[in-house]
Each structure stands twice: as C-alpha cells, then as structure tokens.
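**Student:** what would the 3D arrangement of this be:
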Amino acid sequence: LGGRSAIMLVTQPRSVNILIESADTVAKAVYKSDKVNVVEKLQLFWQQKSNQGTPLRQGALVIYEGVPATDPPYTCYVTLPGGSCFANPDNCATKAEARRSAAKIGLMNSLFNEHPSRHLSKEVVTRLVEEARLSLQVADPSTDPGVNAYQFMLEQNVGKTMLQFQELMTV
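**Tutor:** Take a look at the predicted model:
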C-alpha cells in the first residue's frame, strides 16, 4: 500500500452494534449531552458512590487494562470498584477507542444497576429460587444442596443490587 498502513474494518455482529448504540443512548440521556467523556463520567459515578458511603473494595478507583497488541483490533477491560469486570464488545482501531468502549459498557451497567428493579427483595429471591428448582431434573429439587446454598446466599443479600451479589459470588 505504498508505505501506508491500512486498517481493515471488520463488520460487527448486529447484537454488538445494538449494545454499543444502547450504551451511547444511556450515556447521552443521563448526562444530557451529545458528547460524553465516558471514562470521566464512569470515574465520577464511582467517586460519588464512595462519597455517599458505599463501601468499595478498592476505593472509587476504576481500573483499565488493555490486552497487549501491536495492531488493531484492540481490547480493553474495565474493572469497577466493586470488582465487576467488562470488556469492549467491538473491534476498536485504537487503544483509546477500546478504553472508551469498555467505559461505556461499565457505565451502562453501573447506571442500570441503580434502578430499583435490580435490587434483591424477598419476592425476587423467592422467584429466583423457584426458577432454579424448576430447572433441576431431579426427583426432589427442594432438597438440592446447591439450590439451598443459592437461596441462603440470596437471602443474606436482600437489599443489595444484583451487581453487588454478582461481585460477592465472583471468586
């Protein structure tokens, strides 16, 4: 190519495009702007959570880790202060774009997690345990030790969010 490097564009699966569009829409709606610095907003979100007294494992620090690569597509992981980790879902031409993409996914999950429907209640626990029991192909699912342990863990976390529960269960 005459000494110029070329970047090959890879078409994204429709589901990845929908996810990226959704993350953009959420960020723009929440921050009332067409141009949102998602890396900054994600850090600000967790700093505000920390200032409100939310206990966080690593303080309010959002950690970004790029997968070592010399050529695109680049991949970046973002680890939220609670321990949840998300990666950019799209093929990114630059490391900065990969970081912003991962931040969008982290921000979208952080914001959605705040919705009241994402909190564990006694009703949600009952429904989740019932679904787990129905999914088992055993004679008496009510005595299954795995489901009973799952129920115990859910009950101990009533009032917390699903993301907090996920972080707790991640080893």
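**Student:** where along the protein do the strands fall?
**Tutor:** Assignment of strands within the chain using DSSP state E yields the ranges 57-60, 63-66, 76-79, 85-87.
**Student:** tabulate the ones you listed in a markdown table, adding columns for mean neighbour count and distance to Q164.
**Tutor:** Any C-beta I mention is one placed from the backbone N, CA and C, and that applies to glycine too. Listed next are the strands of the chain as a markdown table, based on neighbours: other C-beta atoms under 10 Å; distance: least, C-beta to C-beta, whole Å:
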| stretch | mean neighbour count | distance to Q164 |
| --- | --- | --- |
| strand 57-60 | 13 | 11 |
| strand 63-66 | 14 | 18 |
| strand 76-79 | 21 | 15 |
| strand 85-87 | 17 | 15 |
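**Student:** got these as CSV, with mean pLDDT and distance to K122 columns?
**Tutor:** Formatted as CSV, these follow (pLDDT from 0 to 100; distance: least, C-beta to C-beta, whole Å):
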stretch, mean pLDDT, distance to K122
strand 57-60, 77, 27
strand 63-66, 93, 34
strand 76-79, 94, 31
strand 85-87, 88, 29
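**Student:** quick one: closest of those strands to S101.
**Tutor:** Between S101 and these, the tightest spacing by C-beta to C-beta is seen for strand 76-79, at 7.0 Å.
**Student:** how far does that closest one sit from its chain's centre?
**Tutor:** 10 Å (C-alpha atoms, centre = their mean, to the nearest Å).
**Student:** packing partners for it?
**Tutor:** For strand 76-79, the elements it packs on are strand 63-66, strand 85-87, helix 95-113, judged by 3 or more C-beta pairs under 8 Å, 6 or more residues apart in numbering; DSSP states H and E.
**Student:** could I get those as a markdown table with distance to H119?
**Tutor:** Formatted as a markdown table, the entries for those read as follows, by distance: least, C-beta to C-beta, whole Å:
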| stretch | distance to H119 |
| --- | --- |
| strand 63-66 | 26 |
| strand 85-87 | 20 |
| helix 95-113 | 9 |
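**Student:** looking at the ones you listed, which is closest to Q47?
**Tutor:** Between those, helix 95-113 lies closest to Q47; by C-beta to C-beta that is 11.8 Å.
**Student:** perfect, I'm done here.
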